[in-house]
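A.B. asks: return atomic coordinates for the entry below.
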Amino acid sequence: MKDFFLNVTRYPRYLIAFGLGVANSVFEPLTVRARNPVTAVALISAGISGLISLSLVLHAMVSTAPVV
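C.D. replies: Numbers count the residues shown, from 1 in each chain. As a prediction, the model looks like this:
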């Protein structure tokens, strides 16, 4: 039973390391491209539109009133 709990405690560390690795591999090329002002504006606008889209989708999924 001790080995079981030792194994279970490893999963949060793995999840954090995996998430940081994915974030690093996604954001590192974006930071290199963001040095160009035109690309930086495009990246910022894509991020903002992505957040707006995500919030609208989540609102439509959670909302009890029908969206007209």
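A.B. asks: any idea of the mean pLDDT in the longest helix anywhere in the chain?
C.D. replies: Longest helix in the chain, counting residues (DSSP state H): helix 37-62. Confidence for helix 37-62, expressed as mean pLDDT, is 93.
A.B. asks: how close does the residue most central in space within the chain sit to Val8?
C.D. replies: The centroid of the chain falls nearest to Ala23 when counting by CA atoms, centre = their mean (7.6 Å). Per CB to CB, to the nearest Å, Ala23 is found 24 Å from Val8. Backbone N, C-alpha and C define where each C-beta goes, glycine included.
A.B. asks: same check on Val57?
C.D. replies: With CB to CB as the criterion, Val57 and Val8 are 34 Å apart.
A.B. asks: re the thing from before, elements contacting the longest helix of the chain?
C.D. replies: Counting contacts by 3 or more CB pairs under 8 Å, 6 or more residues apart in numbering; DSSP states H and E, helix 37-62 packs against helix 10-33.
A.B. asks: which pLDDT does the model give the residue lying closest to Thr39 once chain neighbours are set aside?
C.D. replies: In space, and not counting its chain neighbours, Thr39 is closest to Arg33: 4.9 Å by CB to CB, 6 or more residues apart in numbering. If you check Arg33, the pLDDT there is 86.
A.B. asks: touching stretch 10-30 from outside, list them.
C.D. replies: Surrounding stretch 10-30, the residues in contact under the criterion CB atoms under 8 Å, 6 or more residues apart in numbering are Leu43.
A.B. asks: if you set the cut-off to 6 Å instead, what comes out?
C.D. replies: For stretch 10-30, there are no external contacting residues (CB atoms under 6 Å, 6 or more residues apart in numbering).
A.B. asks: export it to CSV, keeping only CA atoms.
C.D. replies: Presented in CSV, the C-alpha positions along stretch 10-30 are these (Å, rounded to 0.1, in the frame of the first residue of the first chain):
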residue,chain,number,x,y,z
ARG,A,10,4.2,11.3,-8.5
TYR,A,11,1.3,12.2,-10.8
PRO,A,12,0.8,15.9,-9.8
ARG,A,13,4.6,16.5,-10.4
TYR,A,14,4.3,14.8,-13.8
LEU,A,15,1.3,16.9,-14.7
ILE,A,16,3.0,20.1,-13.7
ALA,A,17,6.2,19.2,-15.6
PHE,A,18,4.2,18.2,-18.7
GLY,A,19,2.1,21.4,-18.6
LEU,A,20,5.2,23.6,-18.3
GLY,A,21,6.9,21.7,-21.1
VAL,A,22,4.0,22.2,-23.4
ALA,A,23,3.7,25.9,-22.5
ASN,A,24,7.4,26.4,-23.1
SER,A,25,7.3,24.8,-26.5
VAL,A,26,4.2,26.9,-27.5
PHE,A,27,5.3,30.3,-26.1
GLU,A,28,9.0,30.2,-27.1
PRO,A,29,8.4,30.5,-30.9
LEU,A,30,5.8,33.1,-30.3
